[in-house]
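> Pasting the sequence and the predicted model now:
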Amino acid sequence: MAITETDTREYKRQVPDDVEKSVVAFLNGLGGEIYIGIDDMHNVVSPRQNLTFRQLRIFYEEKHNTLNIDNLLENLDFYTEDGKFNYVAYLMADNNGVSVKMVQYSGTDKVTILKKTECGNYSLVKAAYAMLDALDIYNQTAVEIKYPERIETRLVEPIALREAVINAIIHNDYIRGAYPVVEFYSDRVEVTSSGGLPLGLTPDAFFKGKSLPRNREIMRIFTNMELAEQLGSGMHRIMQYYKPEDYTIDDTFITARFKYNQHALDSLNGQVSTEKVRRKYGESTEKVQ
């Protein structure tokens, strides 16, 4: 039977350390129920039922051309056993309350925000494409001229960063109300998703690229959109450039923390002068910005 959270009903993926707090809160209030082992958005009722899927239809038509939208919704398991739209449908709908954020700070902490991009309140597929477009802006490129070549270096390896962002969007625990965020600091980028590792997936298996998606329906849709693969190959691509030590994993969040390429960072900060370039490459004398 499909369920949805209310003021007197909570569902949890596993028994949390602070489960006593929820119990005490219910005892001090109107009472309530706590469901353990709910880890399937297919069985969670969408908070809205007047959903439309024009954006998703356009994406599928571009990839597959002939799909009928009514059959598509059934094929993608957008309904609960009671015939209501489930939470996956909510995430893929034209209008929802889900937002994925990208932020740039001026320093190594969150004190001063330089720039912020919010991709959301629409289909999660559209949000993912918007986030990937934003990455091209936030992940700055340092340029050096080594005559006759032009050498470009990103702050963060683009392939690894793309995979980390897509992984965060696909595997995030949306039903708890926390959404993925990408944060660019002055020395690193952090990609955070909520929910920890899916049940049954160990950190060792995670870094070896074993595939055990928390949100199978989202994974299926993103695979159809050619945004992801169901083979766990994304983590292999990340590990080509970064290490397991660059991740922080606990029961609540997964954070990928990638330090900037130091040469690219120095160049963008104006610390790589053309005199250095000239001595190394026989180049001109202006600063490489």
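Alright, I've got the coordinates.

> just the helices in the protein please.
Secondary structure of the chain by DSSP state H: the helices cover 19-28, 54-64, 69-75, 87-92, 124-138, 158-171, 203-207, 216-224, 233-239, 262-268, 274-281.

> Pull out the buried residues from the fifth one.
Neighbour counts over helix 124-138 (16 or more other C-beta atoms under 10 Å) mark 124, 125, 126, 127, 128, 130, 131, 132, 134, 135, 138 as buried. For glycine as for every other residue, the C-beta is placed from the backbone atoms N, C-alpha and C.

> who touches that helix?
The contact list for helix 124-138, computed with C-beta atoms under 8 Å, 6 or more residues apart in numbering, reads 55-56, 59, 91-92, 98-100, 102, 104, 115, 117, 119-120, 158, 161-162, 165-166, 169, 182, 184, 189, 218, 221-222, 225, 227.

> thinking again about what came up before, make CSV from the helices of the chain and add mean pLDDT and distance to residue 43 to it.
Formatted as CSV, the helices of the chain follow (pLDDT from 0 to 100; distance: least, C-beta to C-beta, whole Å):
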stretch, mean pLDDT, distance to residue 43
helix 19-28, 59, 20
helix 54-64, 88, 21
helix 69-75, 81, 16
helix 87-92, 96, 9
helix 124-138, 96, 18
helix 158-171, 96, 18
helix 203-207, 93, 25
helix 216-224, 92, 11
helix 233-239, 91, 27
helix 262-268, 92, 46
helix 274-281, 43, 60
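
> As JSON lines, those with distance to residue 152 would be great.
Shown next, in JSON lines, are these (distance: least, C-beta to C-beta, whole Å):
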{"stretch": "helix 19-28", "distance to residue 152": "51"}
{"stretch": "helix 54-64", "distance to residue 152": "30"}
{"stretch": "helix 69-75", "distance to residue 152": "40"}
{"stretch": "helix 87-92", "distance to residue 152": "35"}
{"stretch": "helix 124-138", "distance to residue 152": "12"}
{"stretch": "helix 158-171", "distance to residue 152": "10"}
{"stretch": "helix 203-207", "distance to residue 152": "29"}
{"stretch": "helix 216-224", "distance to residue 152": "28"}
{"stretch": "helix 233-239", "distance to residue 152": "19"}
{"stretch": "helix 262-268", "distance to residue 152": "9"}
{"stretch": "helix 274-281", "distance to residue 152": "14"}
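
> Comparing those, which comes out most buried?
Mean neighbour count (mean count of other C-beta atoms under 10 Å) peaks for helix 87-92 among the helices of the chain, with a mean of 25.

> what packs against that one?
Under the contact definition 3 or more C-beta pairs under 8 Å, 6 or more residues apart in numbering; DSSP states H and E, helix 87-92 sits against helix 124-138, helix 216-224.

> Format those as TSV; extra columns: distance to residue 267.
Formatted as TSV, the helices and strands packed on helix 87-92 follow (distance: least, C-beta to C-beta, whole Å):
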stretch	distance to residue 267
helix 124-138	17
helix 216-224	34
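
> To residue 257, which of those helices lies closest?
Across the helices and strands packed on helix 87-92, residue 257 has its closest neighbour in helix 124-138 (15.5 Å, C-beta to C-beta).

> Okay, angle between the closest one and helix 216-224 too, please.
60 degrees (axes from the mean of the first three to the mean of the last three C-alpha atoms, to 10 degrees).

> Only C-alpha atoms, please: export helix 124-138 in CSV.
What follows is helix 124-138, C-alpha atoms only, in CSV (Å, rounded to 0.1, in the frame of the first residue of the first chain):
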residue,chain,number,x,y,z
LEU,A,124,14.8,16.3,-12.5
VAL,A,125,16.1,15.4,-16.0
LYS,A,126,15.9,19.1,-17.1
ALA,A,127,17.6,20.0,-13.8
ALA,A,128,20.4,17.6,-14.5
TYR,A,129,21.0,19.0,-17.9
ALA,A,130,21.0,22.6,-16.5
MET,A,131,23.5,21.6,-13.8
LEU,A,132,25.9,20.1,-16.4
ASP,A,133,25.6,23.4,-18.4
ALA,A,134,26.4,25.4,-15.2
LEU,A,135,29.5,23.2,-14.6
ASP,A,136,31.1,24.6,-17.7
ILE,A,137,30.8,28.1,-16.2
TYR,A,138,31.8,27.3,-12.6
